[in-house]
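K.L.:
What follows is a predicted structure for the sequence shown.
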Amino acid sequence: MMCLAGVDEAGRGPLAGPVMAAAVILTLEQRRILVQMGLDDSKRLSPRKRTHLFDAMKNLGVCWKAQAASPTRIDSVNILQATLWAMKASVEGLSQGIDLVVVDGNRLIPGLRLRQKAIPRADSLVPAVAAASVVAKVLRDRVMETLSCRFPQYGFEIHKGYPTAAHREALKRLGPCEIHRISFCRKILS
């Protein structure tokens, strides 16, 4: 049977925090159970449903790896290159032999020495990619909730670093903190 790894990311658009990539391999049985539970693109699931699926993946022993790219990396190489770096690291962290990597989007991962296929909206079409989107989103949200304890004045626990009106207002009032992506904040601060 072919071993397929699904890859996706969460957090390309926020003004603060990392971009998180995840790679997931599902067995046929894991895929069947997770699809029955409502596995889908993380953006189409409630936070509670994502957490429920994430916990189910842990209980089922799903093979996954994740990698964050820091705001510093994002500012130094740009969001696309930081995302592709994190995707590559997450795939390379998997211990199993992989026959095909399915990447959500329209770009292959540079330098990855595995057969790849980029599919736009794969997170809605390929269960392993949907699972990767859930892992990436849950982990990124948890990082932002943890960081909100260090920087409570920004409200990261609520908006997770995305450019909401409240976040933009806090950024204008307080200026950026060390987890802001300066390259993303310039337009708001000018």
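P.N.:
Right, received. Where do you want to start? These numbers were taken from a predicted model, which means no experiment stands behind them.
K.L.:
now the lengthiest helix in the chain, how far from the centre of its chain.
P.N.:
Secondary structure of the chain per DSSP state H: the longest helix is helix 127-150. Remark: helix 127-150 is offset 6 Å from the chain centroid, using C-alpha atoms, centre = their mean, to the nearest Å.
K.L.:
CA-only coordinates of the helix or strand of the chain with the lowest mean pLDDT in CSV, if you can.
P.N.:
None of the helices or strands of the chain scores lower by mean pLDDT, DSSP states H and E than helix 182-189, at a mean of 92. Provided in CSV are the C-alpha atoms of helix 182-189 (Å, rounded to 0.1, in the frame of the first residue of the first chain):
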residue,chain,number,x,y,z
ILE,A,182,7.4,43.6,11.6
SER,A,183,7.1,43.2,7.8
PHE,A,184,3.3,42.6,8.3
CYS,A,185,2.8,45.5,10.7
ARG,A,186,4.5,48.3,8.7
LYS,A,187,1.4,49.2,6.8
ILE,A,188,-0.7,49.5,10.0
LEU,A,189,2.0,51.5,11.8
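K.L.:
got the buried residues for it?
P.N.:
For helix 182-189, a neighbour-count test (16 or more other C-beta atoms under 10 Å) marks 184-185 as buried. Every C-beta, even on glycine, is put in place using the N, C-alpha and C of the backbone.
K.L.:
got the buried residues for the longest helix of the chain?
P.N.:
127-141, 143-144, 147-148.
K.L.:
Which strands or helices does it pack on?
P.N.:
Counting contacts by 3 or more C-beta pairs under 8 Å, 6 or more residues apart in numbering; DSSP states H and E, helix 127-150 is packed against strand 4-10, strand 19-25, helix 28-36, helix 47-60, strand 63-69, strand 100-104, helix 122-125, helix 156-159.
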